[in-house]
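[1] coordinates only, no sequence provided:
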């Protein structure tokens with residue numbers, strides 16, 4: 001049925017005719033690619049019956065990708081973001097970047113799905129509670145989470161490193177060198193990566209016949225200064241550890257400073273390990289034994305996964321875990337002669 005000349009068909013009328021929500025009609029009319037094909041067809045037929053202008057059709061190479069990294073773009077986050085930017089360029093996609101710690105206070109996720117110029121998003125270590133991510137996914141907006149803080153539902157796409165395997169490999173390396181009393185400078189307790197690495201650490205200790213001691217565990221913000229403070233506490237214990245496993249390379253550098261202040265030689269008196277294998281790990285003396293995260297590949301994989309979602313391909317594996325690799329350098333060695 002057509003409409004009388006001079007009258008305007010509203011979004012509400014189209015929604016009622018198609019039997020869908022107003023938000024869904026809005027996404028179809030603006031050419032949003034994340035609407036299911038059968039739903040889009042319902043709306044298009046309703047539009048035809050009502051005689052409204054045809055909805056826009058967004059091509060596979062149109063629409064910007066919103067990349068949110070609410071942290072300072074240091075060598076860790078900078079590598080991920082640079083890789084995402086380069087890969088999006090190969091796909092001829094425009095990038096809209098929000099970065100810096102001030103972005104943590106921005107409620108952008110609540111309105112992201114309503115922006116017709118944005119086709120999808122890549123969210124790096126998002127600080128928002130899981131409920132906000134679930135709400136965004138419920139709006140049919142395509143996005144991929146890189147290195148999620150918390151465990152995500154199965155239907156939210158994510159890319160991360162194999163944190164459990166990485167944590168296990170570095171502790172297994174230390175136990176093979178004879179270490180049993182190993183201090184852990186972990187990341188924030190609520191981070192999924194922290195929990196996974198500690199479980200890996202515990203697994204390697206158990207295989208060596210040792211239980212994890214709560215007094216040897218510290219949870220910190222992953223910075224040099226926090227790593228230094230945690231290492232000071234651990235090294236001042238009456239029965240100090242013979243090795244320290246740090247959450248990242250920055251915390252490991254702080255631990256090295258704490259060891260030096262106490263006259264402890266690395267690795268003769270104390271072994272220290274990091275995680276990430278950023279450039280900083282090559283600059284210490286001795287160079288740092290660490291676990292390499294495939295940071296650039298995480299960025300590339302996030303773009304690849306998002307492109308498949310945008311193009312409505314079938315995706316059997318929405319949670320991708322990329323392998324880590326132990327890099328042994330000079331900061332680890334056999335248990336020292338005396339402590």
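    Cool, got the structure. Small disclaimer: the values here were computed from a predicted structure and weren't measured. Numbers count the residues shown, from 1 in each chain.
[2] for residue 322, phi and psi?
    phi -100, psi 140 (degrees, to the nearest 10).
[3] swap in residue 291?
    Backbone torsions for residue 291, taken as degrees, to the nearest 10, come to phi -110, psi 120.
[4] that one pairs with what?
    residue 326 (DSSP bridges).
[5] wait, what's in contact with residue 301?
    Shown in contact with residue 301 (CB atoms under 8 Å, 6 or more residues apart in numbering): 159, 320, 322. Yep, even glycine has a C-beta here, placed from its N, CA and C like the rest.
[6] can you report how many residues lie near the last one?
    This means residue 322. By the criterion of other CB atoms under 10 Å, residue 322 has 15 neighbours.
[7] state the distance from it to residue 293.
    8 Å (CB to CB, to the nearest Å).
[8] still on that earlier bit, out of the contacts of residue 301, who's nearest residue 231?
    Of all the contacts of residue 301, residue 231 sits closest to residue 322, with 28.9 Å by CB to CB.
[9] that closest one against residue 160, yeah?
    Yes: Residue 322 is within contact range of residue 160, at 7.3 Å (criterion: CB atoms under 8 Å).
[10] joint contacts of these two?
    residue 298.
[11] I'd like to know how many residues surround residue 112.
    Burial of residue 112 is recorded as 18 neighbouring residues (other CB under 10 Å).
[12] tell me the contacts of it?
    66, 118, 121, 136, 141, 143.
[13] and for the third one, the neighbour number?
    By the criterion of other CB under 10 Å, residue 121 has 25 neighbours.
[14] now name the helix or strand holding it.
    strand 118-124 (DSSP states H and E).
[15] report the buried residues of the next helix or strand after that strand.
    Under the assignment DSSP H and E, the closest C-terminal helix or strand after strand 118-124 is helix 130-138. For helix 130-138, a neighbour-count test (16 or more other CB atoms under 10 Å) marks 133, 136, 137 as buried.
[16] strand partners of the helix or strand following helix 130-138, parallel vs antiparallel please.
    Next in sequence after helix 130-138, counting helices and strands by DSSP H and E, comes strand 143-146. Sheet pairing for strand 143-146, assigned by DSSP bridges, gives strand 118-124 (parallel), strand 157-161 (parallel).
[17] what about the last one, average pLDDT?
    The average of the pLDDT scores along strand 157-161 is 94.
[18] quick one, that strand and helix 130-138 angle?
    Interaxial angle of strand 157-161 relative to helix 130-138 (axes from the mean of the first three to the mean of the last three CA atoms, to 10 degrees): 130 degrees.
[19] chain center to strand 157-161, what's the gap?
    6 Å (CA atoms, centre = their mean, to the nearest Å).
[20] same question for stretch 87-102.
    15 Å.
[21] now do the end-to-end distance for it.
    26 Å (CA to CA, to the nearest Å).
[22] any chance you could list what contacts it?
    61, 63-73, 77, 81, 84-85, 106, 108, 118-119, 299-300, 303-304, 307.
[23] so residue 275 is in contact with residue 293, correct?
    Yes: if you go by CB under 8 Å, residue 275 and residue 293 touch, sitting 7.2 Å apart.
[24] what sits in contact with each of those two?
    Taking CB under 8 Å, 6+ apart as the contact rule, residue 275 and residue 293 both touch residue 166.
[25] list the residues that contact residue 299.
    79, 80, 81, 82, 83, 84, 87, 146.
[26] tell me the one of those residues nearest residue 20?
    Closest to residue 20, out of all of those and judged by CB to CB, is residue 146, at 31.6 Å.
[27] tell me where this protein has strands.
    Residue ranges of the strands in the chain, as given by DSSP state E, are 64-69, 95-99, 118-124, 143-146, 157-161, 182-186, 217-219, 243-246, 271-273, 290-292, 319-322, 325-327.
[28] residue 142 contacts residue 307, correct?
    No: taking contacts as CB under 8 Å, residue 142 lies outside contact range of residue 307: 9.6 Å.
[29] of these two, who's got more company?
    Of the pair residue 142 and residue 307, residue 142 is the one with more neighbours under other CB under 10 Å, namely 23 against 19.
[30] how close does the more buried one sit to residue 43?
    Noted for residue 142: a distance of 18 Å to residue 43, by CB to CB.
[31] only whichever of the contacts of stretch 87-102 are buried, select them in ChimeraX.
    Filtering the contacts of stretch 87-102 down to the buried ones (16+ other CB under 10 Å) takes a single ChimeraX command:
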select :63,64,65,66,67,68,69,70,71,77,81,84,85,118,119,299,300,303,307
